[in-house]
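J.: Quick check, what structure comes out for this input:
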Amino acid sequence: MNPFVYYAPTKICFGKGQISHLSELKESGSRALLVYGGGSIKRQGIYDEAVRILTEAGITITELSGIEPNPRVESVRRGIALCREHRIEMVLGIGGGSVIDAAKAIAGGACYDGDVWDLVMDHSLIRAALPIYAVVTMAATGSEMNKNAVISDLGLRVKKSMGSDLLKPRLSICDPVYTFSVPEKQTAAGTADIMSHAFENYFSMIDDFDLSARFGEAVIRCCIRYGPVALREPDNYEARANLMWASTNAINGITKAGMEVGWSCHPMEHELSAFYDITHGVGLAILTPRWMEYVLNDKTVRKFADYGRKVWDLTGTEDLAVAKEAIDKTASFFFDTLKLPRTLRDVGIGEENFEAMAEHCAPRLADAFVPLTKEDAVQIYRNCLS
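T.: Numbers count the residues shown, from 1 in each chain. Next comes the predicted model:
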């Protein structure tokens, strides 16, 4: 196992009615920027409840709405301008991972003299941030308990993660009831995103740290069990609660401790989102089985066979056969059970930008589970066409 530092400063308030903890924001001051997306939090009553609690706590609210599903740097810049204009002391994101990512970027950018895109491109420039708080309304990204924020500049065709321990929320409220109204397609895509976070850490050549691997398997098995239940019964509290907790733990560092490895599918998917603005979880679902097939070889077969036996309960004794069956089961779960798009052509993507996309992501694939080149990335994209 590798040496590691595990730092988890976020206070998680999990379960029904935990929004009452918003009154604790007063520890950071009296002026908050409230960041959210469309009108869903107003239709669900979350907005009114949050405003009531904050107002009773003596907190003045400035609002930034309209955050995009792939949050754009232009929205982050608007938030930073509001922070400076209103002397904001804390940032509260209410929504899914995109909203919370935008809140993080705003909190960091408000404490930086230059343009926030500098922080996206060079994480070492993040040296301060306003306190960050979150109310989660979708199980997917786990942004409520990690240090990353993924921001897009569609003009540059760049989607990139900025990361710093300074961007970890101080407090996050996770009420599974708030996810009851998440549409079926988003629930499915979010489940795929959670699983991908676990996969990215699980598939590592470090195979002597048993506990982190078992944590990752538990997250994946949880998604396999409860994802379909949430699709059939959107208001099933236990299913939604298990998915929400799986989302938080898939990417808060617990599944990668001692097994750190460069990621594979996320860098490739970020290019799809940057060029085509598609749903992140959909892109990951399309890429993942093809990536698994591509990197299956004599060196990796034991890890894939282990995955098949421990996650899918396969009982075969021949590693290669078990590995291939595990990959087939993964694909079937994404495409048949969750009913996510099967190919890039299904979401309107052809091969016209594969070379440019692969050129962008290749440097981030060099230290992955199986190091990949630009040519490898192009081939995996091509494999996703059919």
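
J.: When you work out contacts or count neighbours from here on, use the C-alpha atoms and nothing else.
T.: Will do.

J.: Low-confidence bits of the stretch 201-350 of the chain, can you list those?
T.: For the stretch 201-350 of the chain, no stretch is flagged by pLDDT under 70.

J.: ok, which stretches of it are strands?
T.: Shown for the stretch 201-350 of the chain, no strands are assigned by DSSP state E, counting those that start in this stretch.

J.: same thing with the stretch 1-150 of the chain?
T.: For the stretch 1-150 of the chain, the strands defined by DSSP E, counting those that start in this stretch cover 11-14, 31-35, 60-64, 90-95, 132-136, 148-153.

J.: Of those, which stretch is the most buried?
T.: Of all these, strand 132-136 carries the top mean neighbour count, a mean of 28, counting by mean count of other CA atoms under 10 Å.

J.: by contact count, what packs against that one?
T.: strand 90-95, helix 97-109, strand 171-174 (3 or more CA pairs under 8 Å, 6 or more residues apart in numbering; DSSP states H and E).

J.: Let me know which of the ones you listed is tucked in deepest.
T.: helix 97-109 (a mean of 30).

J.: Tell me how far that helix lies from the chain's centre.
T.: Computed by CA atoms, centre = their mean, to the nearest Å, the chain-centroid distance of helix 97-109 equals 13 Å.

J.: as a whole number, average confidence for that helix?
T.: In this model, helix 97-109 has a mean pLDDT of 98.

J.: one step back: save the strands of the stretch 1-150 of the chain as a markdown table, and put in distance to Lys329 too.
T.: As requested, those are exported to a markdown table (distance: least, CA to CA, whole Å):
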| stretch | distance to Lys329 |
| --- | --- |
| strand 11-14 | 32 |
| strand 31-35 | 39 |
| strand 60-64 | 42 |
| strand 90-95 | 32 |
| strand 132-136 | 30 |
| strand 148-153 | 29 |
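
J.: With Val311 as the reference, name the closest of those strands.
T.: With CA to CA, the closest approach to Val311 among those belongs to strand 11-14: 26.2 Å.

J.: Contacts for the closest one, please.
T.: His21, Arg170, Leu171, Ser172, Ile173, Cys174, Asp175 (CA atoms under 8 Å, 6 or more residues apart in numbering).

J.: Return the residues in contact with the third one.
T.: This means Leu171. Taking CA under 8 Å, 6+ apart as the test, what Leu171 contacts is Thr10, Lys11, Ile12, Cys13, Ile132, Tyr133, Ala134.

J.: what number of residues lie near the closest residue to the first one other than its chain neighbours?
T.: It refers to Thr10. What sits nearest to Thr10 in space, not counting adjacent residues and going by CA to CA, 6 or more residues apart in numbering, is Arg170, at 4.7 Å. Arg170 has 19 neighbouring residues, counting by other CA atoms under 10 Å.

J.: Glu56 too?
T.: Residue crowding around Glu56 was assessed by other CA under 10 Å; the count is 11.

J.: Repeat that for Gly45.
T.: Gly45: 11 neighbours (other CA under 10 Å).

J.: now Met244
T.: 29.

J.: out of everything not next to it in sequence, what's closest to it?
T.: Met244's closest residue in space is Ala139 (CA to CA, 6+ apart), at 4.7 Å.

J.: Next up, the contacts around that neighbour.
T.: Gly96, Thr179, Thr187, Gly190, Thr191, Ile194, Leu243, Met244, Ser247, Thr248.

J.: and the last one, how far is that from Asp235?
T.: Counting by CA to CA, to the nearest Å, the gap from Thr248 to Asp235 is 20 Å.

J.: Have a look at those two and say which one is more surrounded.
T.: Between Thr248 and Asp235, Thr248 has the larger neighbour count (other CA under 10 Å), namely 23 against 18.

J.: mind pulling up the phi and psi values for the residue nearest to Met244?
T.: Here is the backbone geometry of Ala139 (degrees, to the nearest 10): phi -90, psi 110.

J.: And it, what's its pLDDT?
T.: For Ala139, pLDDT reads 96.

J.: any idea how far Asp101 is from it?
T.: Distance of Ala139 to Asp101, computed by CA to CA: 14 Å.

J.: now Ile194
T.: Relative to Asp101, Ile194 is positioned 16 Å away (CA to CA).

J.: nearest to Gly155, of the contacts of Ala139?
T.: Taking the contacts of Ala139 together and measuring to Gly155 by CA to CA, the closest member is Gly96, at 23.7 Å.

J.: Now that closest one: phi and psi?
T.: According to degrees, to the nearest 10, Gly96 has phi -90, psi -170.

J.: what about stretch 359-367, distance to the chain center?
T.: Centre-to-centre, stretch 359-367 and its host chain are 19 Å apart (CA atoms, centre = their mean).

J.: now the most centrally placed residue in the chain, nearest residue through space, not along the chain?
T.: Nearest to the geometric centre of the chain sits Thr141, at 2.4 Å (CA atoms, centre = their mean). Leaving aside its chain neighbours, Thr141 sits nearest to Gly97 (5.2 Å; criterion: CA to CA, 6+ apart).

J.: check contacts around the one you found.
T.: For Gly97, the contacting residues are Val136, Met138, Ala140, Thr141, Gly142, Ser143, Glu144, by CA under 8 Å, 6+ apart.

J.: Please apply the same query to Trp117.
T.: Applying CA under 8 Å, 6+ apart, the residues contacting Trp117 are Val73.
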